[in-house]
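> Pasting the sequence and the predicted model now:
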Amino acid sequence: MKSVFLNPLRPTQATHGRREAVRDAGGYERTTVPLAEFRWADLFRATLAWPESEAEFERLLKKALRLAGSELAVGLPGYTGRRSKPK
């Protein structure tokens, strides 16, 4: 998956890109809970480094998918409890 969210000068956009990529890969479900995407973005921002390259983005996506199914994500809107693999 090619990321356009590697620019370190735009961290909000980069966090949004990681969150979207994880959800799109099945890491968590879409929900109608207000501001749910910010809670997921906070989790990823607090636990994962910024990707510096496309290869690193792919590696971090795999880590983020495991994180989305972990105990750290319990209680977040859309949590599924499964550790997804990238589609």
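Received the coordinates, thanks.
> give me the element the most centrally placed residue in the chain is part of.
Nearest to the mean C-alpha position of the chain, counting by C-alpha atoms, centre = their mean, stands R19 at 3.3 Å. When secondary structure is defined by DSSP states H and E, R19 falls within helix 11-24.
> Surely the residue nearest to the centre of the chain is in contact with W40?
Yes: proximity of R19 to W40 meets the contact threshold set by C-beta atoms under 8 Å, at 5.0 Å. Placement of C-beta: from N, CA and C, glycine included.
> Hmm, K63 and G69 touching each other?
No: assessed by C-beta under 8 Å, G69 is found out of contact with K63, at 11.3 Å.
> Looking at these two, which one has more neighbours?
G69 (18 against 14; other C-beta atoms under 10 Å).
> Pull up the gap between the spatially closest residue to G27 that is not a sequence neighbour and A25, please.
In space, and not counting its chain neighbours, G27 is closest to A68: 3.5 Å by C-beta to C-beta, 6 or more residues apart in numbering. As judged by C-beta to C-beta, to the nearest Å, A68 and A25 stand 9 Å apart.
> Show me which of these two is the more surrounded one.
A68 (27 against 18).
> Tell me how far that one lies from G17.
Distance of A68 to G17, computed by C-beta to C-beta: 15 Å.
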